[in-house]
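Trainee: predicted coordinates and the sequence they were generated for:
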Amino acid sequence: MQNHIFPIPLVLVFSLGVCAQNYTEHVKPILQSSCLPCHQKGGIGNINLSTYESTSAYGAMIEEVVATKYMPPWSIDRSHINYENDRRLSTAEIDVIRDWCANGMVKGQESNATSQVLKYPLTGGRISIPVSHNFKHYGVWMEQYQNFILDLDNKESLHINALEFIPGNSKIVRAASFYLDQDRSSTDSLDQWDPREGYTDFDGPGILEKHQLIANWEPDMGLITSSSNSVWTFGPHSRLIAHVVYAPSSKQRLDNSLLHLHIAEKKSQHIILGRKLIADDNKINKEDKIAWNEMKTVIAIDTLQEDIMLRSIYPRQKLFTRSIELFVKNPQEGKTTLLLHIEDYNPHWNQEYILETPLWIPAGSTIHATYKIDNSLENPLNPFNKATELEFGSGMFRETLLIEATIISKTDKT
């Protein structure tokens, strides 16, 4: 049989081999899901990426930060488990942006369809609680931390399957954490001490050991939902504390943030509880210190006294921790699971890490945490500019070993 070779026009080869990326069809959807929660007009990110014009103006920079994986920010570099809120772009998404930049940043044909931000409507009703009332940002070029007391005034227990935090001023509201107030006398004392609305505290709602973590919010989170048919349950007359982190600003700004609690239609036997995965108690003595110009490896181990279903992990380290490794040893299976490894820890990018699938850990398992703590001038976040020993405990200029978590607990109550 004789083979025949038919010439194919070069232009056809080119069109078959190259599929040019354009902004409207390929780049914009990636930005909407991974970048715009922060980088939009009036958002916490300084660069507005909500239009083709603004995005193409920063095209070279965008290509650099996504190729090096500096953005979107995600601290975990190694883990044996997957996280639901993993912000990293896939290799395919990074390639789309790089190809778009390399081929002239074509705009593409605009669609008549209008994009809509989903609010995840729920059917069980909701309770709306003002978080801040015209709270005035100081207008200084440093982060500010303010706690707001939220009285629920509920006569009966509330079963919540979602929280929705609405920042009143997205230009300055960087993050928020919510706690169940379990030490009212201390909270009231702090509130009376600060003449402004709420009270300031770098660490959170006060002594973290005395409050139960509920959830954390960041700009890329719309609705904070429960998982595995579970709920948050607040007993009668509960009180929450909202710990809000405000970004630096050159001028005073007002904030009127709001919290929606979405009520579950049905009660659940699975409730979400906050607990300490690694607690400071008995891990570091009050007299223990890190000498000036010293980097020290500190190891903390906790043994679980009961089975837990791990839902999320929230490291609470501060300015002196450079890296964290957290793993669990399961004696029943003889298995070690790396929960997270953060080689370049930065508290300014800290977040709650929500597991894609909750992890069952049996009683008797040990939780191991290894920290590299740096009290030297090699640490770019070290606030000390002279020889100062580092202490452990509450306060901005101390360090902590505390790692918080949320778990899913089964109850027989109906």
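Mentor: The structure has been received and is ready for your questions.
Trainee: setting aside sequence neighbours, what's the nearest residue to the residue nearest the centre of the chain?
Mentor: For the chain, Q351 is the residue whose C-alpha lies nearest the centre (CA atoms, centre = their mean; 2.7 Å). Excluding the flanking residues, the one nearest Q351 by CB to CB, 6 or more residues apart in numbering is E218, at 5.8 Å. (C-beta placed from N, C-alpha, C; glycine too.)
Trainee: strands of the stretch 251-400 of the chain, start to end?
Mentor: 254-255, 258-263, 270-278, 289-290, 294-303, 308-315, 321-330, 335-342, 353-361, 366-375, 390-391 (DSSP state E, counting those that start in this stretch).
Trainee: so what strands line up beside the second one?
Mentor: Think strand 258-263. Strand pairing for strand 258-263, determined by DSSP bridges: strand 126-130 (antiparallel), strand 158-166 (antiparallel).
Trainee: swap in the first one?
Mentor: According to DSSP bridges, strand 254-255 has the following sheet partners: strand 135-136 (antiparallel).
Trainee: for the residue nearest to Q351, give me its contacts.
Mentor: Applying CB atoms under 8 Å, 6 or more residues apart in numbering, we find E218 in contact with P37, A175, Q351.
Trainee: gap between it and I224?
Mentor: 10 Å (CB to CB, to the nearest Å).
Trainee: pLDDT-wise, which helix or strand of the protein ranks last?
Mentor: In the chain, no helix or strand scores lower on mean pLDDT, DSSP states H and E than helix 10-17, which sits at a mean of 39.
Trainee: what's in contact with the following helix or strand past it?
Mentor: For helix 10-17, the following helix or strand on the C-terminal side (DSSP states H and E) is helix 28-34. Residues outside helix 28-34 that contact it (CB under 8 Å, 6+ apart): H39, L49, Y52, T55, P72, R87, L89, E93, V96, I97, S115, D220.
Trainee: picking that back up, how close does the residue nearest to the centre of the chain sit to T225?
Mentor: 16 Å.
Trainee: let me see the domain layout of this protein.
Mentor: 10-102, 126-268, 274-410 (automatic domain parsing).
Trainee: can I get those domains in a markdown table with distance to E110?
Mentor: A markdown table is the format used below for the domains of the chain (distance: least, CB to CB, whole Å):
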| stretch | distance to E110 |
| --- | --- |
| domain 10-102 | 6 |
| domain 126-268 | 25 |
| domain 274-410 | 34 |
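Trainee: per-stretch mean pLDDT over those domains, give me the minimum one.
Mentor: The minimum mean pLDDT among the domains of the chain belongs to domain 10-102 (a mean of 83).
Trainee: and for H211, the neighbour number?
Mentor: Applying other CB atoms under 10 Å, we find 24 residues neighbouring H211.
Trainee: ditto for E333
Mentor: By other CB under 10 Å, neighbour count at E333 equals 10.
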